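K.L.:
need a 3D model of the sequence below.
(chains A, B, C and D)
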Protein chains: 2
Amino acid sequence: MMKLTIREIAEAAGVSKATVSRVINDSDAVSEETRKKVLEIIKETNFKPSSVARSLSMKKSHLIGIILPDLSNPVFSKIIAGAESYIRNKDYSLLITATDFDIDMKIKHINIMKDKGVDGLILVTDHGSEEFQKTLIEFEKPIIMIGSDSSLPYIPTIKIDNYKASQDATQYLIDLGHKNIAMIRGPLSDYHSGKQRFLGYRDKLNCYGYYSERLVEEGWYTFDDGYSAMEALIKKGNLPTAIFCASDLLAIGAIKCCIEHGINVPDDISFVGFDDVDIARMYNPSLTTIRQPFEEQGDLAIRIMIDMIENKNSIPNDEDSKFTTSMKYKLVIRESTKNIK
Amino acid sequence: MMKLTIREIAEAAGVSKATVSRVINDSDAVSEETRKKVLEIIKETNFKPSSVARSLSMKKSHLIGIILPDLSNPVFSKIIAGAESYIRNKDYSLLITATDFDIDMKIKHINIMKDKGVDGLILVTDHGSEEFQKTLIEFEKPIIMIGSDSSLPYIPTIKIDNYKASQDATQYLIDLGHKNIAMIRGPLSDYHSGKQRFLGYRDKLNCYGYYSERLVEEGWYTFDDGYSAMEALIKKGNLPTAIFCASDLLAIGAIKCCIEHGINVPDDISFVGFDDVDIARMYNPSLTTIRQPFEEQGDLAIRIMIDMIENKNSIPNDEDSKFTTSMKYKLVIRESTKNIK
DNA sequence: GTGAAAGCGCTAACAT
DNA sequence: ATGTTAGCGCTTTCAC
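P.N.:
Purely as a prediction, here's the structure:
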């Protein structure tokens, strides 16, 4: 059975291709009679217009690209899940690529997305190099960033206030009576999740005069790095009574290390994570953490994107309309923290 | 700056569009001289041919669709990650949709994929209804199934032997001296992960005369269902000394429930999970489980798919070439199981 | 209200 | 080796 085209439908209905097209798109007045007839034939034959041909003709692919570092990390797969579940009922599809935090890879794939004709691009990434900026500028279609900003004023950004969230987490630990509070941070080169979360912690401790460089370890947000960082902390001796971690995985890795060393959580050490991935509530002990609304971020990004694509006017183009959506985070208190007053 | 087309390149190079096309695709002999010239202009202008136009003309989109139930479940996001990381260096992209285990949704999205012109489709799902089968038959492009088969002989399938894996897991528990072994299974309507895993367990217990219906609870592979199932088991009284679970999440939910009830794992009850998602090794206690090679499955699916797309001859078309790849699973022993002999 | 024709950007015969 | 021409399947003026 050959693939049907609009031509066959037109013939079968005894009208022109143009008319069929009008019916399909509701684009122009068509007499009720012919519309009925055409519609009927379309149902009967189960005809579906080729989106490829349509894309070429309309210069719109109904594809939205999304580029993120890593699909097997729950942090990112949640964002995708949020985006996907909203788009599913819309007339768009998602083209997804992971790029391993590699900036050149990112640039390459932004270009691939462009070739594929995506109508818009969602970037989950840090802002990166100058060449990266250049690629963004030349993209010429709507872009949205999640978790980071681009320094390009016309690119909407969705994120949370990492600095403030970290201050809140730290304050919570202080309120619980902790003074010797360590942090396992992310790399400072990672501006939002690394540097800002660290600064929030440091500045807050400084308010109380508790801060010391000795208290800080660093890792790449992973379980294994959390484990190693904790080993380092143990080796240093003079254990803290609480540890704030830049990610849940870091926290869980560190907790696992503690347990294997006979250190009780939260009796000996309290832990606060960051993200609230699924594991946080499942863990034993369950993890006190900062909840980031990942799925909502993905969902919102798609909403804004579709709006930008369909009402071009809504693309912010002057300085004051630069819009950054700062989403609400929330400190979720569970079993891993203890009041020691 | 207008979007460049092959036409501008041709003019700039003083040749015809056809020649430019030849250069781009290495499709036909072109004199070294003109090739150089064209290539140069392409570099200079940073020209990229439109894949949409190309798709229309060649009837090949270089898009591979993948449909799965849920993106936020680590089981599925690992498969995607595997597929994506292989495809990334190939000249293909991935169109991803999640469908919530809803069969009608699946059918709808298979059709959407078809409209979008994907060159092939990877399905992570159970085989489903007759209408579903019909949709597959009418798809007319390569399809591959992961984790399940289709009953259509020409559709390659990638999976593990769930029945045997469950027997192995159960045997392991028996070897450890356990006789009173419960199971938290998935729904029997789910043929592979539900029914087969259960049968492997039941048949193995029957070999020893240990089986009893009282030992079985059921849930949807989630943490919360595991927790509830464990509560039910506790309510029944006469606790088993070991529990085999149809998923890691089920196991972890049950373990969490035990801990909250003061039941020690593994001293009082041993647990074996299924999947080996990341959480399994991170958990406290870490979980003994059957490892499924998710990323390898995704990777392999893409390899086979690209091969099918590019060498059509390799599509199996006779009965004996029906090919099911049964991947190796592995029992990974960790802290959640205890020898009680 | 409807049809004819041009065109979206590319590839693929067919000529030369 | 290269140019010419005719599509791929759809949308969109522009006539009628």
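K.L.:
around chain B, which positions in the stretch 1-150 of chain A sit nearby?
P.N.:
A:3, A:48-53, A:55-56, A:61, A:63, A:70-72, A:74, A:77-78, A:80-81, A:84-85, A:88, A:93-99, A:105, A:109, A:111-112, A:114-117, A:140 (Cβ under 8 Å from any Cβ of the partner chain). Any C-beta I mention is one placed from the backbone N, CA and C, and that applies to glycine too.
K.L.:
in the sheet, which strands lie alongside the helix or strand hosting A:Ile66, parallel or antiparallel?
P.N.:
A:Ile66 belongs to strand A:63-68 when assigned by DSSP states H and E. Sheet pairing for strand A:63-68, assigned by DSSP bridges, gives strand A:93-98 (parallel), strand A:120-124 (parallel).
K.L.:
now, of the ones you listed, which is deepest in the fold?
P.N.:
Neighbour counts (mean count of other Cβ atoms under 10 Å in any protein chain shown) averaged over each of the strands paired with strand A:63-68 peak at strand A:120-124, with a mean of 26.
K.L.:
and that one, average pLDDT?
P.N.:
Confidence for strand A:120-124, expressed as mean pLDDT, is 95.
K.L.:
that strand: how far from the chain's middle?
P.N.:
9 Å (Cα atoms, centre = their mean, to the nearest Å).
K.L.:
in which helix or strand would I find the residue in the stretch 101-250 of chain A positioned nearest to DNA strand D?
P.N.:
Proximity of the stretch 101-250 of chain A to DNA strand D (Cβ to the nearest atom of the strand) peaks at A:Gly117, 12.8 Å away. Counting by DSSP H and E, no helix or strand carries A:Gly117.
K.L.:
where along the stretch 101-250 of chain A do the strands fall?
P.N.:
Here the stretch 101-250 of chain A has its strands, by DSSP state E, counting those that start in this stretch, at A:120-124, A:143-146, A:157-160, A:181-185, A:216-218, A:242-245.
K.L.:
so of the ones you listed, which one's packed in deepest?
P.N.:
Among the strands of the stretch 101-250 of chain A, strand A:242-245 has the highest mean neighbour count (mean count of other Cβ under 10 Å), at a mean of 30.
K.L.:
hmm, back to that, didn't the residue of the stretch 101-250 of chain A closest to DNA strand D look like it was pressed against A:Val52?
P.N.:
No: using Cβ atoms under 8 Å, A:Gly117 makes no contact with A:Val52, being 9.6 Å away.
K.L.:
and the contacts of the strand holding A:Ile66?
P.N.:
A:76, A:79-80, A:83, A:87, A:92-99, A:106, A:109-110, A:113, A:116-125, A:302, A:305-306, A:309, B:95, B:116 (Cβ atoms under 8 Å, 6 or more residues apart in numbering or on different chains).
K.L.:
which residues are in contact with each of A:Gly117 and A:Val52?
P.N.:
The contact sets of A:Gly117 and A:Val52 overlap at B:Val52 (Cβ under 8 Å, 6+ apart).
K.L.:
what sits against A:Arg22?
P.N.:
A:Asp28, A:Ala29, A:Val30.
K.L.:
next one: it from A:Val38, what distance?
P.N.:
Remark: distance between A:Arg22 and A:Val38 (Cβ to Cβ, to the nearest Å) = 9 Å.
K.L.:
list residues touching both of these two?
P.N.:
In contact with both A:Arg22 and A:Val38: A:Val30, using Cβ under 8 Å, 6+ apart.
K.L.:
as a markdown table, the strands of the stretch 101-250 of chain A with distance to A:Ile252 would be great.
P.N.:
Putting those into a markdown table (distance: least, Cβ to Cβ, whole Å) gives the following:
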| stretch | distance to A:Ile252 |
| --- | --- |
| strand A:120-124 | 22 |
| strand A:143-146 | 24 |
| strand A:157-160 | 21 |
| strand A:181-185 | 11 |
| strand A:216-218 | 15 |
| strand A:242-245 | 9 |
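K.L.:
turn those into TSV, including distance to DNA strand D.
P.N.:
Converted to TSV, the strands of the stretch 101-250 of chain A look like this (distance: least, Cβ to the nearest atom of the strand, whole Å):
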stretch	distance to DNA strand D
strand A:120-124	18
strand A:143-146	24
strand A:157-160	31
strand A:181-185	51
strand A:216-218	53
strand A:242-245	52
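K.L.:
which of the ones you listed sits closest to A:Ser228?
P.N.:
Closest approach to A:Ser228 among the strands of the stretch 101-250 of chain A is made by strand A:216-218 (8.4 Å; Cβ to Cβ).
K.L.:
quick check: closest non-adjacent residue to A:Phe198.
P.N.:
Leaving aside its sequence neighbours, A:Phe198 sits nearest to A:Arg185 (Cβ to Cβ, 6 or more residues apart in numbering or on different chains; 4.2 Å).
K.L.:
so that neighbour sits against A:Gly200, correct?
P.N.:
No: counting by Cβ under 8 Å, A:Arg185 sits too far from A:Gly200 to count as a contact (10.3 Å).
K.L.:
A:Ser212 and A:Val272, how far apart?
P.N.:
Between A:Ser212 and A:Val272 the computed distance is 18 Å (Cβ to Cβ).
K.L.:
neighbour count for those two, which is higher?
P.N.:
A:Val272 (31 against 12; other Cβ atoms under 10 Å in any protein chain shown).
K.L.:
got the residues of the stretch 1-150 of chain A near DNA strand D?
P.N.:
The stretch 1-150 of chain A comes close to DNA strand D at residues A:3, A:5-7, A:17-18, A:20-22, A:24-25, A:27-28, A:49-50, A:53-54, A:56-58, as judged by Cβ under 7 Å from any atom of the strand.
K.L.:
restricted to strands, list those residues.
P.N.:
Among those, no residue falls in strands (DSSP state E).
K.L.:
among those residues, name the buried ones.
P.N.:
A:Ile6, A:Val20, A:Ser21, A:Arg22, A:Ile24, A:Pro49, A:Ser50, A:Arg54, A:Leu56 (16 or more other Cβ atoms under 10 Å in any protein chain shown).
K.L.:
could you point out which residue ranges in chain A have low pLDDT?
P.N.:
A:1-2, A:127, A:312-322 (pLDDT under 70).
K.L.:
which residues touch A:Lys48?
P.N.:
Counted by Cβ under 8 Å, 6+ apart, A:Lys48 has contacts B:Asn111, B:Lys114, B:Asp115.
K.L.:
A:Asp161 too?
P.N.:
So A:Asp161 contacts A:Ser326, A:Tyr329 (Cβ under 8 Å, 6+ apart).
K.L.:
distance of it relative to A:His192?
P.N.:
A:Asp161 is 10 Å from A:His192, by Cβ to Cβ.
K.L.:
other residues contacting stretch A:136-143?
P.N.:
Applying Cβ under 8 Å, 6+ apart, the contact partners of stretch A:136-143 are A:110, A:114, A:118-123, A:150, A:152, A:155, A:305, A:308-309, A:315, B:3.
K.L.:
let me know the closest of these to DNA strand C.
P.N.:
Once Cβ to the nearest atom of the strand is applied, the member of the contacts of stretch A:136-143 that ends up nearest DNA strand C is B:Lys3, at 5.5 Å.
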